[in-house]
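>>> I'll drop the sequence and a predicted model, then ask my questions.
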Amino acid sequence: MANDKGVVKHVVLAKFKDDVSPEKIEELINGFADLVNHIPAMKSLVWGKDVSVENLHQGFTHIFESTFESTEAIAEYTAHEKHVLYANLFLAHVEKVIAIDFKPTSVSL
């Protein structure tokens with residue numbers, strides 16, 4: 001890729017299935033966070049639950065944002081055995097999910 005260097009954010013929006021218990025959701029979140037300890041390409045993870053008053057969430061309840069140093073690092077993460085195993089577990093518990101990668105851009109006014 002011509003512009004594969006520089007910080008890249010990986011954002012996942014998820015809606016867990018209605019029958020997934022809060023304890024299981026917490027376990028899945030902890031599993032996602034633990035990937036940082038096993039996949040060197042993944043530099044950090046933050047997450048949260050929807051608190052918007054705009055009601056534009058389209059049913060998505062959780063957001064996860066991880067940081068990588070390049071698009072190549074995201075490719076390493078995606079192919080990593082720990083990620084593949086975790087993703088299969090995670091996907092079995094969500095009703096819908098969206099994943100987007102982007103290069104942050106600051107706006108100076």
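Arrived safely, thanks for sending.
>>> And the helices in this structure?
Here the chain has its helices, by DSSP state H, at 22-34, 71-79, 81-91.
>>> List the buried residues of the longest one.
The reference is to helix 22-34. Of the residues in helix 22-34, 25, 28, 29, 32 count as buried by neighbour count, 16 or more other CB atoms under 10 Å. All C-beta atoms are positioned from the backbone trio N, CA, C, and that covers glycine.
>>> Pick the one among those residues closest to residue 16.
Distance from residue 16 was checked for each of these by CB to CB. The minimum falls on residue 25, at 5.5 Å.
>>> report the longest strand in this structure, please.
With DSSP state E applied, the strand covering the greatest number of residues in the chain is identified as strand 5-16.
>>> residues in contact with that strand?
Contacts to strand 5-16, defined as CB atoms under 8 Å, 6 or more residues apart in numbering, come from residues 25, 28, 59-71, 73-74, 77, 90, 93-104.
>>> report the angle between the axes of it and helix 71-79?
40 degrees (axes from the mean of the first three to the mean of the last three CA atoms, to 10 degrees).
>>> Run through this structure and note the low-pLDDT ranges.
By pLDDT under 70, the weakly predicted segments of the chain are 1-4.
>>> Swap in 50 and give it another go.
Along the chain, the parts satisfying pLDDT under 50 run over 1-2.
>>> All set, thanks.
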